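Asker: heads up, no residue letters with this:
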């Protein structure tokens, strides 16, 4: 009972912090493009939420925060197959909710949070539901998001090596179907994005956890401890590293596959720790402590990203810059009496979400921060100017 209370406390605090954070960020251009672009299942989810909660940041991000909390619960349940100790499962959940990539996926409208949820839902249900239900679920995945193609490929490889011909044929069929519906983009000449890919993965997971996750997959391969979760995680990671030699990869589609390997890494770490004498466990304890310190620091940076403007000479160097300004800019424009403007395409879509429509009467033109040109719209965070613009009335008669 005590551990269940701690679990709900972790999830409750996590949800509170994420919902609180929604009031401090604006819709990003990528999110606006998804919302106002071509139809997709994610767009349907977001528009349904907005119709219920209204056109605001809470309604925009509510589905993804809920999926994040459910994903954390699924991680806890899945880890029961790998960790006997409830305490270790709680540490795993805490690690999951603190991962920088997971935090970002929880508060941003993107494919990553949805794919994490979908993968963990599958592994959570696979031992609880009949096979026919799982086949239906996989078929639905094939229809709604191309990011699940590596799930089908991983399950096909698992079925192949375990001589399950029907499962192999079915998953290969879903792989082909999803690729046909959404396209399977592998292109270009070798351009050396491999090191960039490693760097981004390290930022998403922190370097120590990323290295240990990859080490876990490799070690379990050598030890012949390859279950279905291993095949899916390894397929996604290896495929991403392979195509990174030719092109930049879409981390929204690939990073979730390494995230679902967390229970495997936890089991490997605990097993390695326990088989050693107490005097030889210091290295493992040091790795654990350093990893959590890095996780906490990264999470604090994510949530207190506006404070970074105080130490950055160029505001655009802030990783969260593209999730700022738009909301405050829309509010300022409304206060100045402007309900519509014409500006660059990315900002136009962002302003549309906050009620500033497109028109030809008022031109919003961004001004360089160090320009001497007079502005009539200024956005500041922490008393530091981030955005300057001028609004010009245009007479079209």
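Answerer: That came through, no problem. Just so it is clear, the model here is predicted, and its values are computed rather than measured.
Asker: From residue 164, how far off is the spatially most central residue of the chain?
Answerer: The centre of the chain sits closest to residue 105, judged by CA atoms, centre = their mean, with a distance of 2.6 Å. Computed as CB to CB, to the nearest Å, the residue 105 to residue 164 distance reads 32 Å. Where you see a C-beta, it was placed from the backbone N, CA and C, and this is true even at glycine.
Asker: do the same with residue 203
Answerer: 37 Å.
Asker: how about the nearest residue to residue 53, chain neighbours excluded?
Answerer: residue 59 (3.3 Å; CB to CB, 6 or more residues apart in numbering).
Asker: my read: the one you found touches residue 48, true?
Answerer: No: in this structure, residue 59 is not within contact of residue 48 by CB atoms under 8 Å, at 9.4 Å.
Asker: Comparing these two, which residue is more hemmed in?
Answerer: Set residue 59 next to residue 48 and count neighbours by other CB atoms under 10 Å: residue 59 wins out with 18 against 12.
Asker: show me what contacts that one?
Answerer: For residue 59, the contacting residues are 49-50, 52-53, by CB atoms under 8 Å, 6 or more residues apart in numbering.
Asker: So which other helices or strands are in contact with the host helix or strand of residue 360?
Answerer: Secondary structure from DSSP states H and E places residue 360 in strand 357-367. With contacts defined as 3 or more CB pairs under 8 Å, 6 or more residues apart in numbering; DSSP states H and E, strand 357-367 has these neighbours: strand 340-342, helix 345-353, strand 384-393.
Asker: who does it pair up with?
Answerer: strand 340-342 (parallel), strand 384-393 (antiparallel) (DSSP bridges).
Asker: Please spell out which residues along the shortest one are buried.
Answerer: Of the residues in strand 340-342, those with enough neighbours to count as buried (16 or more other CB atoms under 10 Å) are 340-341.
Asker: Please state the offset of that strand from the chain centre?
Answerer: 32 Å (CA atoms, centre = their mean, to the nearest Å).
Asker: rewinding a little: in strands, which of the contacts of residue 59 fall?
Answerer: Nothing among the contacts of residue 59 maps onto strands, per DSSP state E.
Asker: Let me know the closest of those residues to residue 370.
Answerer: Set against residue 370, the nearest of those by CB to CB is residue 50 (37.9 Å).
Asker: need the contact list for the closest one.
Answerer: Applying CB under 8 Å, 6+ apart, the residues near residue 50 are 56, 59-60.
Asker: Pipe those residues into CSV and attach pLDDT, secondary structure and distance to residue 118 per row.
Answerer: Below are these laid out as CSV (pLDDT from 0 to 100; DSSP: H, G, I helix; E, B strand; the rest coil; distance: CB to CB, whole Å):
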residue, pLDDT, secondary structure, distance to residue 118
56, 95, coil, 26
59, 96, helix, 22
60, 96, helix, 20
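Asker: Quick check: which ranges of the chain have low pLDDT?
Answerer: Residues of the chain meeting the criterion pLDDT under 70: 184-192, 395-397.
Asker: Would you map out the domains in it?
Answerer: What automatic domain parsing lists as the domains of the chain is 2-303, 321-393.
Asker: Quick check: closest non-adjacent residue to residue 179.
Answerer: Residue 179 sits nearest to residue 149 (CB to CB, 6+ apart), 6.0 Å away.
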